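Engineer: fold the stuff below for me.
(chains A, B, C and D)
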Protein chains: 4
Amino acid sequence: ANNFFLLAGPCAIEGEDMALRIAEKVVSITDKLEIPYVFKGSFKKANRSRIDSFTGIGDEKALKILRKVSETFKVPTVTDIHEVSDANIAAEYVDVLQIPAFLVRQTDLVVAAAKTGKTINLKKGQFMSPESMKHAATKVTECDNEQVMLTDRGTMFGYQDMIVDFRGIPTMREFAPTVLDVTHSLQQPNQSSGVTGGRPDMIETIARAGVVNKVDGLFIETHFDPANAKSDGANMLDLKHLEKLLSNLVAIRKVANQL
Amino acid sequence: ANNFFLLAGPCAIEGEDMALRIAEKVVSITDKLEIPYVFKGSFKKANRSRIDSFTGIGDEKALKILRKVSETFKVPTVTDIHEVSDANIAAEYVDVLQIPAFLVRQTDLVVAAAKTGKTINLKKGQFMSPESMKHAATKVTECDNEQVMLTDRGTMFGYQDMIVDFRGIPTMREFAPTVLDVTHSLQQPNQSSGVTGGRPDMIETIARAGVVNKVDGLFIETHFDPANAKSDGANMLDLKHLEKLLSNLVAIRKVANQL
Amino acid sequence: ANNFFLLAGPCAIEGEDMALRIAEKVVSITDKLEIPYVFKGSFKKANRSRIDSFTGIGDEKALKILRKVSETFKVPTVTDIHEVSDANIAAEYVDVLQIPAFLVRQTDLVVAAAKTGKTINLKKGQFMSPESMKHAATKVTECDNEQVMLTDRGTMFGYQDMIVDFRGIPTMREFAPTVLDVTHSLQQPNQSSGVTGGRPDMIETIARAGVVNKVDGLFIETHFDPANAKSDGANMLDLKHLEKLLSNLVAIRKVANQL
Amino acid sequence: ANNFFLLAGPCAIEGEDMALRIAEKVVSITDKLEIPYVFKGSFKKANRSRIDSFTGIGDEKALKILRKVSETFKVPTVTDIHEVSDANIAAEYVDVLQIPAFLVRQTDLVVAAAKTGKTINLKKGQFMSPESMKHAATKVTECDNEQVMLTDRGTMFGYQDMIVDFRGIPTMREFAPTVLDVTHSLQQPNQSSGVTGGRPDMIETIARAGVVNKVDGLFIETHFDPANAKSDGANMLDLKHLEKLLSNLVAIRKVANQL
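Structural biologist: Next up is the predicted model:
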């Protein structure tokens, strides 16, 4: 009790086998560490830098895999939606609907998600202040849906860097439960290759700073083989490091809870 | 010939009368100054800061007004789209489909727009470098649509300010004709009120800097009464100042063309 | 052992009585918590926003107070220098010479400080990357002075905000022992009043994030009555909160040391 | 009349011959174009990134070369100072004392410069807003010296980029005559090499944007052979391009003067 919860999984659902294998591994770790776990996977990737980037294996196919993960391991699931029409479709398969950071200002999309009655995870735009997320959260609650949480995934700092403003954690926690998206916060966008870079060596640094400040949840993209993942390989956590990372963070959280 | 073109109009189509009155006024000015003119109006406003912000008068009603403006004054029109399903609908009514800055990374949306065969105006994300717009433009041209233009509408600078990086003008002109969105570049986002602020006193400063650097087009939101406009009142240009502004800019452009 | 050390004191030496009272209070707390303590006080304030800002009580008078604090409480002291000629003068009175963030690129000043043989604390410029502090540290060590430490005091984020990039802690620790200047990192510069603002409510948030990441030292400006301090009142910590803050941080550090 | 003035020259005085050759060339161009000219050269470089960077040929030697340039070509000269004691020394040799951007918050230095009675050029800190330069200018005028001008040399944008906020030109012109430092505004600091980079290909873009907005002066570092200059080679203008550049800018200014 009183631990942080975890949203984790691969960036995109690349297939049933990889989804189940990743879920099984994360479940075994989070069970041991008593971390409430929500399996995360995108059923499509609509916001790619380049037209030749991977966009998915098919919407329904991916959503069915999310349901299978949920049924197999008895864990809730989260996926992100990009259009109004996605809301009801995805809501049939998952427990949490996530609004991507680029899209969090799209009122139509947020309202459509809120009206499904599912829990809504609003990612803070890379261009938004923590304070401005109050208005985003209100869009959900004014639809009579109190199940809203906020996620910080970093803020633009120049063209090629992101930075986490930790003043935002206590600020956003005043509005709703707040998640720190560790892996996306370490992206390095606008690289000349057209492929987003990252700093996975800094995952534990950023995660510790969030947990010691009592962030409600963590969001971590993880994969057995980040270098060969079909998206976001540059910043995902190698799954082999997850247990040690979470174990350290749980120890930190126990102290933070006593202060 | 060799003048800049102008995308201008109100932020949102608030009604037929206001659209026609604004168009009439701008047409009379641009005819005199020999500026190619495209009437701009949003048929819905999906990306509002607050849930109680104005979102539109009804999609079809607004689109029909855009068509009426076009037929009445023999000018092309531009509107912005927010979802894949908007693309074909809007394409029936307007000449240019615009992808909003927050949405320019949504590959599905850009591709749907490109496939209509209309001219596509891609706004540079406030979180994107000028160089990264090359990949955005490629998403259009790889759909066999060469009619693409790029628009700079400023870049995030801290939480509450935008800044125009003029190095981006020659950079983006290597990829496609480039427009400078003068009024949105002067927004001041993340204000504590939840309503975006602006610096309309700096419109001519920014516009001159673009025109002297041979930007291909200008984008200016304008209204007879910005203070009472239903959206973006803080940064629109009062229509009464448009003629003097454009007249100055045309003089600057004539010199720039000779250098 | 293995605790963080603390550089703390008022922004400026306003007089002997206030310096001794602050030192006495901090010493009593750090003795109890086993935190190695260095008393901090500026003997002059050369870098003020406005010409009518407080600049000091007289250089020699202030330096003698620093010496008296050291002798009275058996603690080392640190002060900042602004010109080459300050280096030898200040070195007669204090143990650590600090180079202000605005001045850390002044090679002459850094070299003059290094040549005194005193420990040198180099503040990262608000305009510098953590990586670039490697070159600053080298300026000291190439003067045959290995006693160098680095201090992060935040990075400019837009005009009116600072942000701490926690990726910088492990980065700078590869070059030298690294201090987190908690109170200056929470400044809000370029306020229209000409007086720098601050966010003292976020002091513990930032300090926790540093300590859990094993920063070597903390820098905290503190005063019995920040609202009436002659400089930096907007971001100093009220001394009455120091014990609880440090007590929490020591508990966090104990866990971090075990991970 | 009513043209912009020009501060130009090499970054550092590397020797008498190079200074005279550069001055001769610039004088011949500015005479033809009727541009008031001030020869610029640093007599020492105190603010280098790395300890092994070039710092100068000797203070007095360099100052005497500045005087010789002035006497030979009947032009005023400007140099930058770094410490209080530099003010009176440099004031014996040059007409304008310049306060470097990193040092513009050092009240002692600004006051010492102001008291020489020379014209003072205050560079806006890379970390300062245009509005905050009002307080800097006041430090000079309160010393009964009305001869003050302000120079924008760009603002930090992330770690490795600078950006010119052109809203700052009209803002700062309300406080004092305002100069745009074109070449330093195009620096790219914090490069991993420890040597500042640059974008000299963008010099004309930035200069045009300033001149069309009636900036009072331009500041351009130029050298016969930038690649072999002893400092700032990455962003200086090759002298062979100066005449064409200034000729274009004069044409733009003539139009701007008529608007």
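Engineer: doesn't residue A:220 fall inside a helix?
Structural biologist: No. The assignment for residue A:220 (DSSP: H, G, I helix; E, B strand; the rest coil) gives strand, which keeps it out of a helix.
Engineer: what's the spacing between it and chain D?
Structural biologist: According to CB to the nearest CB, to the nearest Å, residue A:220 and chain D sit 25 Å apart. Bear in mind the C-beta positions are built from the backbone N, C-alpha and C, glycine included.
Engineer: which residue is the nearest non-sequential neighbour of that residue?
Structural biologist: Distances taken as CB to CB, 6 or more residues apart in numbering or on different chains put residue A:8 closest to residue A:220, at 4.6 Å, once the chain neighbours are dropped.
Engineer: go on, residue A:141?
Structural biologist: Closest residue to residue A:141 apart from its sequence neighbours, by CB to CB, 6+ apart: residue A:148 at 6.4 Å.
Engineer: can you count the residues close to that neighbour?
Structural biologist: 22 (other CB atoms under 10 Å in any protein chain shown).
Engineer: again, but for residue A:255
Structural biologist: Residue A:255 sits with 18 neighbouring residues when counted by other CB under 10 Å.
Engineer: out of everything not next to it in sequence, what's closest to it?
Structural biologist: Nearest residue to residue A:255, sequence neighbours excluded (CB to CB, 6+ apart): residue C:255, at 4.7 Å.
Engineer: is it correct that the one you found falls within a helix?
Structural biologist: Yes. Under three-state DSSP, residue C:255 falls within a helix.
Engineer: now do the contacts for it.
Structural biologist: Residues near residue C:255 by CB atoms under 8 Å, 6 or more residues apart in numbering or on different chains: A:251, A:252, A:254, A:255, C:212.
Engineer: check which helices and strands the helix or strand of chain A with the lowest mean pLDDT sits against.
Structural biologist: Among the helices and strands of chain A, strand A:197-198 carries the lowest confidence by mean pLDDT, DSSP states H and E, at a mean of 85. Secondary-structure packing of strand A:197-198 (3 or more CB pairs under 8 Å, 6 or more residues apart in numbering or on different chains; DSSP states H and E): strand A:187-188.
Engineer: output the contacting helices and strands for the strand it packs on.
Structural biologist: If you count contacts as 3+ CB pairs under 8 Å, 6+ apart, strand A:187-188 packs onto strand A:197-198.
Engineer: got a list of contacts for the strand it packs on?
Structural biologist: Residues from elsewhere that reach strand A:197-198, judged by CB under 8 Å, 6+ apart: A:160, A:183, A:186, A:187, A:188, A:189, A:191, A:232, A:234, A:235, A:236.
Engineer: host element of the nearest residue to residue A:161 once chain neighbours are set aside?
Structural biologist: Spatial nearest neighbour of residue A:161, chain neighbours left out: residue D:158 (5.4 Å); criterion: CB to CB, 6+ apart. Per DSSP states H and E: residue D:158 is located in neither a helix nor a strand.
Engineer: so the spatially closest residue to residue A:56 that is not a sequence neighbour: helix, strand or coil?
Structural biologist: Distance criterion CB to CB, 6+ apart; nearest residue to residue A:56, sequence neighbours excluded, is residue A:44 at 3.9 Å. Following three-state DSSP, we place residue A:44 in the coil state.
Engineer: near chain D, which residues of chain A? Just list them.
Structural biologist: Taking CB under 8 Å from any CB of the partner chain, the part of chain A that reaches chain D is made up of A:157, A:158, A:159, A:160, A:161.
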